[in-house]
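Enquirer: model this:
(chains A and B)
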Amino acid sequence: MIDVNCFIGPFPFRELPHPDPDVLVRVLAREGLEGAWVGHLPTAFHRDVTAGNEALFAALEPHRAVLEPVPAIRPGWPHWQLALANAHADGARAIRAYPMQWGMGAHDARLAELAHACAEIGLPLVLTTRFEDVRQRSALDASSDLSGAHIRAIVRADPNLRVVVTCAGRALIEESHWGLTPSERARLWWDISWIWGPPEDDLAHLLQTVGADRFLFGSAWPLRLVQSPIANLELLPSELRALLVADVP
Amino acid sequence: MAEAALAPLAGRTPLVDVHAHFYHPASGRADWQRVNAARLHAGERIGIRAHVASILGSWGHSSPTYFPSPADVTAGNDAMLDIAGEHPDRIRCYVSVNPNDTAHAREEIARCVERGAVGIKLAASRRADDPLVDPIADEASRRGLPVLHHIWQHRTREWPSQEISDGEDLGRLAQRHPRASFILAHIGGGGDWAHSCAAVREIPNIYIDLSGSGVDRGMLDLAYASVGASRLLWGCDITMETGLAKLRALETVGLGEDELADVRWRNAARIFPHNALPGIPTSGVAARRTDARARVTQ
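Expert: Residues are numbered from 1 along each chain as shown, chains lettered A, B, ... in the order given. Next up, the predicted model:
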């Protein structure tokens, strides 16, 4: 099983214990995970993503058998298409984008351009719903959670784009999934890092309604405990547990 | 192999969930029985021996969750007592009160303790350091009942539909009532947990409950470093997978077997009335408070 939602690097608003690639490799081994898609956490809060992407590729280089880089591409920034091409050539597993942190609305033409570009080279686009619970955010962290309108617009932007949304809860998943056509839904995946388990049983509900093939394992490490999505899977009814987890796109 | 026959996911060492909730027909949700059953089923899978639980009035259906009417407080407590009565082997209850109705709150505490309540639940009807909470804390001291107090980790502004308290507010109450034990609710339940850890670090009669949906890395490390294993209590609140995850994470944080036992059950056995928790041994556990009824009659 692959964790599609990991980062390395510090978080601007609180101390994170050991957000380092060698620690992540040990955590994955301890938890029986085969690998991870890894982004560079501070880059989400940078205006220019260039330096963060360079740091990501350099830090992951010794661990590429297990840790696959997912750099950020900010559409509209000068030479972003070249940055995307270089990331692809360097072996990026997917591309991360942070429309809320960049102040881009759901129908921002730059996001549609990024969707087309990712679809053209066959790389999934990874979107982050939130980094922290809204109730604890720093006053300097003024971004809203990713909206369903953003998700739907990006998925609709290109018929070949594959999208992975991380850190979403049941409400956002349902309004996005059921607000798309069947062919659009088939290109949209969700990680399970922020979906509630029992007794509300949101994860079990979603697996049965939205479909187990739409969900991927993700933890949001090093922000959150990797043990949480694992525990969530273990508490599923055995027949649902057997369905998980979808092949990564 | 049937699931019921599987070993508990959290092992066979005693385990107490000090922060659980149940629902009832007047809660305004049609699936209340399913949710209650799901809690018990997940509890069996995890290995929870005792759920210490409350119902907050009508959960907002006929009066606000955090400002419940006296009638709803009573109905919720009755429902919770009935549920505990149906499962005497694994459920105990807090009596939930609204301190704005002082006389009613005192009557409810007396009535529900007589029926088996083992602690007091305070939500967000009145700020923790408000003088109106003192009569409730007096009752807790006199009866040897712990108080589970809903906490917003670091109150930076007012939020609608609740009069929220944070660790500093609870600290002022706890210092006025040193004989009572206070449980700072759900360190993972929203807000800045680092503030709470610092606020209660030197107040020995405040225990940190680890429940809540938040599973931020660093939270358990800081709670442990701030108050030690002897002042941590395990719980789930409304997400049980996060409770199981935190139990496992405590091992990676570095707690030893003895410290884990403190967090899993021994601290709870110390602060709840003697022999109050089903399936939880009390021999060799030094009670922080004496038997509730014995204290009242002294």
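
Enquirer: rest of the way, CA atoms for contacts and neighbours
Expert: Noted.

Enquirer: ok, B:Trp159 - how many residues close by?
Expert: Counted with other Cα atoms under 10 Å in any protein chain shown, the neighbours of B:Trp159 add up to 10.

Enquirer: tell me if I'm right that A:Phe131 and A:Leu223 touch.
Expert: Yes - between A:Phe131 and A:Leu223 there is a contact under Cα atoms under 8 Å: 7.4 Å.

Enquirer: of the two, give the one with the bigger neighbour count.
Expert: A:Leu223 (24 against 17).

Enquirer: ok, and what's touching the helix or strand that contains B:Glu241?
Expert: Assigned by DSSP states H and E, B:Glu241 falls within helix B:240-253. Here helix B:240-253 makes contact (Cα atoms under 8 Å, 6 or more residues apart in numbering or on different chains) with A:196-199, A:225, A:227-232, A:235, B:9-10, B:39, B:42, B:46, B:210-215, B:220-221, B:234-236, B:260.

Enquirer: with stretch B:55-74 instead?
Expert: In contact with stretch B:55-74 (Cα under 8 Å, 6+ apart) are residues B:21-23, B:26-28, B:75-77, B:79-80, B:96-98, B:101, B:104, B:108, B:123-125, B:161-163.

Enquirer: just the buried positions in the lowest-mean-pLDDT helix or strand in chain A, please.
Expert: Ranked by mean pLDDT, DSSP states H and E, the weakest helix or strand in chain A is helix A:238-241, scoring a mean of 84. Residues of helix A:238-241 classed as buried: A:Leu240, A:Arg241 (neighbour count, 16 or more other Cα atoms under 10 Å in any protein chain shown).

Enquirer: again with stretch A:130-147
Expert: In stretch A:130-147, counting by 16+ other Cα under 10 Å, buried: A:Arg130, A:Phe131, A:Glu132, A:Asp133, A:Gln136, A:Arg137, A:Asp145, A:Leu146, A:Ser147.

Enquirer: how far off centre is that stretch?
Expert: Centroid separation for stretch A:130-147 versus its chain: 16 Å, with Cα atoms, centre = their mean, to the nearest Å.

Enquirer: do that stretch and chain B meet?
Expert: Yes - part of stretch A:130-147 sits near chain B under the criterion Cα under 8 Å from any Cα of the partner chain, namely A:Asp133, A:Arg135, A:Gln136, A:Arg137.

Enquirer: out of those, which is nearest to chain B?
Expert: The shortest approach to chain B among the residues of stretch A:130-147 next to chain B belongs to A:Gln136, at 4.0 Å (Cα to the nearest Cα).

Enquirer: chain neighbours aside, what residue packs nearest to that closest one?
Expert: Nearest residue to A:Gln136, sequence neighbours excluded (Cα to Cα, 6 or more residues apart in numbering or on different chains): B:Gly191, at 4.0 Å.

Enquirer: again with A:Leu235
Expert: B:Ala42 (6.7 Å).

Enquirer: shouldn't the one you found be in contact with A:Asp201?
Expert: No - look at B:Ala42 against A:Asp201 with Cα under 8 Å: they stay out of range, at 10.0 Å.

Enquirer: burial of B:Ala37, as a residue count?
Expert: Around B:Ala37 there are 14 residues (other Cα under 10 Å).

Enquirer: just the residues contacting the lengthiest helix in chain A, thanks.
Expert: In chain A, ranked by residue count with DSSP state H as the criterion, the top helix is helix A:109-121. With contacts defined as Cα under 8 Å, 6+ apart, helix A:109-121 is touched by A:75-76, A:81, A:88, A:95, A:99, A:104, A:124-125, A:153-155, A:157-158, A:160-162.

Enquirer: follow-up on the earlier one: residue contacts, the residue nearest to A:Leu235?
Expert: If you count contacts by Cα under 8 Å, 6+ apart, B:Ala42 has them with A:Pro198, A:Pro199, A:Leu235, B:Met240.

Enquirer: tell me the SS of it?
Expert: What DSSP: H, G, I helix; E, B strand; the rest coil gives for B:Ala42 is helix.

Enquirer: please enumerate the helices of the stretch 51-200 of chain B.
Expert: Secondary structure of the stretch 51-200 of chain B (DSSP state H, counting those that start in this stretch): helices at B:70-86, B:102-114, B:134-143, B:167-176, B:193-200.

Enquirer: how about the last one, which residues are buried there?
Expert: What it means is helix B:193-200. Neighbour-count burial for helix B:193-200 flags B:Trp193, B:Ala194, B:Ser196, B:Cys197, B:Ala199, B:Val200 (criterion: 16+ other Cα under 10 Å).

Enquirer: what ranges of the chain fall below the confidence cut-off?
Expert: Using chain A here. Residue ranges of chain A with pLDDT under 70: A:243, A:245-247.

Enquirer: switch to chain B, please.
Expert: Counting by pLDDT under 70, chain B shows low-confidence ranges at B:1-5, B:283, B:287-298.

Enquirer: OK, contacts around B:Gly191?
Expert: A:Asp133, A:Arg135, A:Gln136, A:Arg137, B:Trp152, B:Gln153, B:His154, B:Arg155.

Enquirer: one more time with 6 Å
Expert: Applying Cα atoms under 6 Å, 6 or more residues apart in numbering or on different chains, we find B:Gly191 in contact with A:Arg135, A:Gln136, B:Trp152, B:Gln153, B:His154.

Enquirer: again, but for A:Ile173
Expert: Counting by Cα under 6 Å, 6+ apart, A:Ile173 has no contacts.

Enquirer: what do you get for A:Trp221?
Expert: Applying Cα under 6 Å, 6+ apart, one finds that A:Trp221 lies in contact with A:Cys6.

Enquirer: likewise A:Ser176?
Expert: Contacts of A:Ser176 (Cα under 6 Å, 6+ apart): A:Gly148.

Enquirer: for B:Thr19, helix, strand, or coil?
Expert: Not quite, residue B:19 is His, not Thr. For B:His19, the assignment made with three-state DSSP gives strand.

Enquirer: correction: the previous question concerned A:Asn5.
Expert: strand.

Enquirer: that one: how many residues sit nearby?
Expert: There are 27 residues near A:Asn5, going by other Cα under 10 Å.

Enquirer: surely it touches A:Phe217?
Expert: No - counting by Cα atoms under 6 Å, A:Asn5 sits too far from A:Phe217 to count as a contact (7.9 Å).

Enquirer: burial count for the closest residue to B:Ile164 other than its chain neighbours?
Expert: Of all residues not flanking B:Ile164 in the chain, B:Ala124 sits nearest, at 5.2 Å (Cα to Cα, 6+ apart). The number of residues packed near B:Ala124 is 21, by other Cα under 10 Å.

Enquirer: ok, B:Ala124 - contacts?
Expert: B:Tyr66, B:Gln162, B:Glu163, B:Ile164.

Enquirer: taking those one by one, which sit in strands?
Expert: Nothing among the contacts of B:Ala124 maps onto strands, per DSSP state E.

Enquirer: surely A:Leu28 forms part of a helix?
Expert: Yes - secondary structure assignment places A:Leu28 in a helix (three-state DSSP).

Enquirer: just the endpoints, please. Distance across stretch A:87-105?
Expert: Using Cα to Cα, to the nearest Å, one end of stretch A:87-105 lies 25 Å from the other.

Enquirer: mind listing what's buried in that stretch?
Expert: Neighbour counts using 16+ other Cα under 10 Å place A:87-88, A:92-101, A:105 of stretch A:87-105 among the buried residues.

Enquirer: so which of the residues you listed are also by chain B?
Expert: When Cα under 6 Å from any Cα of the partner chain is applied, no member of the buried residues of stretch A:87-105 is adjacent to chain B.
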